[in-house]
Every structure is written in C-alpha cells, then in structure tokens.
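Novice: structure, please.
(4 chains)
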2 protein chains.
Amino acid sequence: MARASTTSDAFNAVAEPRRREILSYLAGAERPVGEIVEALGMPQPSVSKHLRVLHNVGLVHMRCQGRQKLYRTNAQAIRPLHEWAGTFERYWQHQLNRVKQRAEAMARESPQAMNVAAPKVQD
Amino acid sequence: MARASTTSDAFNAVAEPRRREILSYLAGAERPVGEIVEALGMPQPSVSKHLRVLHNVGLVHMRCQGRQKLYRTNAQAIRPLHEWAGTFERYWQHQLNRVKQRAEAMARESPQAMNVAAPKVQD
DNA sequence: ACATTACATTCCGATATAGGAATATGTCAA
DNA sequence: TTGACATATTCCTATATCGGAATGTAATGT
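Specialist: Numbering: from 1, shown residues only, chains lettered A, B, ... in the order given. The predicted structure is shown next:
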C-alpha cells in the first residue's frame, strides 16, 4: 500500500507546507481564491487543489458570493491536532525539568565548570 | 513533483497513524523494538522502518544495550507541532464565543425555541 | 449572445511512499 | 565456532501524491 490519502484526516492534510500557509492566511478572515493566489504567490490551479483537500477534511469552510468563492479556516478542525500534541506536554516539561535540575546541580558543585563544553548527557 | 518526503520534518512523520501510535507508546519510557512489536501488533520490519523515519526527524532517541536497541520519544520535537496548532487557538475560541453568545441571546429572547431545530447559522 | 472574470478539473509525468517477504547484520551464549 | 536472538535493510509492487499545462464551467458585464 502507498501512503494514506491526504483527504483522509487533518494530520495528512497539514503535512503539506503550502497547505499550512493557506490555513494561516485564512485564519483571520474570509478570502476569495484570487487573493490567496496573489498573497502567497502560488499558481491558481495549485491553490484550488489545496483548497479542495482542506475542504474535504473540514479544515476550511467555503461560501459562494457571485462568481467568487470565499474560503476561511475552520480553526475548530485544528483542535484535535493541538490536543494530540498536547498529550506530550508533560513529557517535555519533565525533560526540561531534568535539564534544569542538572544545570543547577552543576552550578552548585563546580561553578567554574559552567563555561566549558558540557558533556553530552543521556536523558 | 511528488509529496514531500516523510523524513523531512515532524509534520510529515506524524501524518502516519502507526507512527503516532509508536510515539504515544514510547512517550513515557524507553522500550526495545521487540516490545513495540508485541504491544502494538505490527510486523517487526514495519516497526523498524517507522522507527527509522522517526529517528531521522528527531522524534525518537535511541540507545544501544547489548543486542537490544532502546527507543524513546523525544517529546521536545513535538513542541513545534503543538505551537503551530496553538497559533489557531484564539480563532477557535472566538468561534466558540460566538456560538455561545448566540445561544444565550436565543435563550433570553425566546426560551421556548430552544427545543426545536436551530437554523443553520453562518459563522 | 459574447467576451471576461473567477475557479475548478483533468491529464500528464516523476517520485515517494507503505507493506510484505526475504535476507543481512550484529550480539550474546554454549 | 556455532547457533539463537534482536533488529535493520533490501527488493518488490501498488498507489497516492504534487506540480505544470491545458481545458472546463459558472457567473457577470455589455
């Protein structure tokens, strides 16, 4: 099998850097496709294709207005991603604490050693 | 061009569901490959390949111990992802506030309408 | 009706996967 | 040394991309 399709979930959709750019651009306000094209300097068909992917996974909303289509980021759909990553927060805080505590211990025991290259410590 | 390589950054590496499983499993403690294989029920070569990808982008650390290799999630490497998603937090809060305010306004003005199907509102 | 504007879609080619099977590498134990 | 164990790598195939170019489609203006 090949890689999971990008239309399947937000994680895959967001893996593409240009789609992240589009999401950031559309976060604050509705914009027609033409403005995205101009602002981000991407070819129009490319933008349309990325918008289709984003729309399929619910990361953007769309509204028609005359011959324009106004797109806007659906921030709600990004929450699961934020929450998944947040799951690891206690672990990186724990790692930071260990680094901090080692640094303080070193400073107490041999302050003059603080200016030399630190040994590569196993965490 | 094809899709960006999964070895390039954390966003792509994390797009694969099985890799997310592995990261979660390795978040709290070091584990040898064999335990991952058993715990998650994936074929061993598959686990090794996913671990290579995760290691290449710095999402896991590795340490040799005899004939085993102990892997562990590097939670720090997940922070950029969390922060990127967090960028949108103010927008989804804003959306939630609007929903909440509309609900309260409706409750004040016509409490008996709260039990019928709400009109599809444009946000 | 016709031209124009605003987007979307299709066709194409190159490439990067993921998974399965088989095999290779490296480490310890008798 | 030989063998068992733990993990990594290679070979293979099917498929899902992304980008570019060209074309299709729908709404508006004259």
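
Novice: only C-alpha atoms from now on, for both contacts and neighbour counts.
Specialist: Noted.

Novice: quick one: the strands in chain A?
Specialist: Using DSSP state E, the strands assigned to chain A run over residues A:31-32, A:60-65, A:68-73.

Novice: can you find the helix or strand in chain A with the smallest mean pLDDT?
Specialist: Taking all helices and strands of chain A together, the one with the lowest average confidence (mean pLDDT, DSSP states H and E) is helix A:89-109, at a mean of 84.

Novice: so what does that one touch, helix or strand wise?
Specialist: In this structure, helix A:89-109 packs against no helix or strand, with contacts taken as 3 or more C-alpha pairs under 8 Å, 6 or more residues apart in numbering or on different chains; DSSP states H and E.

Novice: mind saving the C-alpha coords of it as CSV?
Specialist: The C-alpha trace of helix A:89-109 is given here as CSV (Å, rounded to 0.1, in the frame of the first residue of the first chain):
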residue,chain,number,x,y,z
GLU,A,89,3.4,18.2,27.1
ARG,A,90,4.0,16.6,30.5
TYR,A,91,6.9,14.7,29.0
TRP,A,92,8.7,17.6,27.5
GLN,A,93,8.2,19.5,30.7
HIS,A,94,9.6,16.6,32.6
GLN,A,95,12.6,16.6,30.3
LEU,A,96,13.1,20.3,30.7
ASN,A,97,13.0,19.9,34.5
ARG,A,98,15.7,17.3,34.4
VAL,A,99,17.9,19.5,32.3
LYS,A,100,17.3,22.4,34.6
GLN,A,101,18.0,20.4,37.7
ARG,A,102,21.2,19.1,36.3
ALA,A,103,22.3,22.6,35.4
GLU,A,104,21.6,23.9,38.9
ALA,A,105,23.3,20.9,40.5
MET,A,106,26.4,21.6,38.4
ALA,A,107,26.3,25.3,39.2
ARG,A,108,26.3,24.4,42.9
GLU,A,109,29.0,21.8,42.9
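
Novice: what angle sits between it and strand B:68-73?
Specialist: Here the directions of helix A:89-109 and strand B:68-73 differ by 100 degrees (axes from the mean of the first three to the mean of the last three C-alpha atoms, to 10 degrees).

Novice: so which bits of helix A:89-109 are buried?
Specialist: By neighbour count, and taking 16 or more other C-alpha atoms under 10 Å in any protein chain shown as the criterion, the buried residues in helix A:89-109 are A:89, A:91-92, A:95.

Novice: how about the residues of chain A near DNA strand C?
Specialist: Proximity of chain A to DNA strand C is confined to A:1-4, A:32-35, A:44-49, A:51-52, A:67-70 under the rule C-alpha under 7 Å from any atom of the strand.

Novice: in helices, which of the residues you listed appear?
Specialist: With helices defined by DSSP state H, the entries of the residues of chain A next to DNA strand C inside them are A:33-35, A:44-49, A:51-52.
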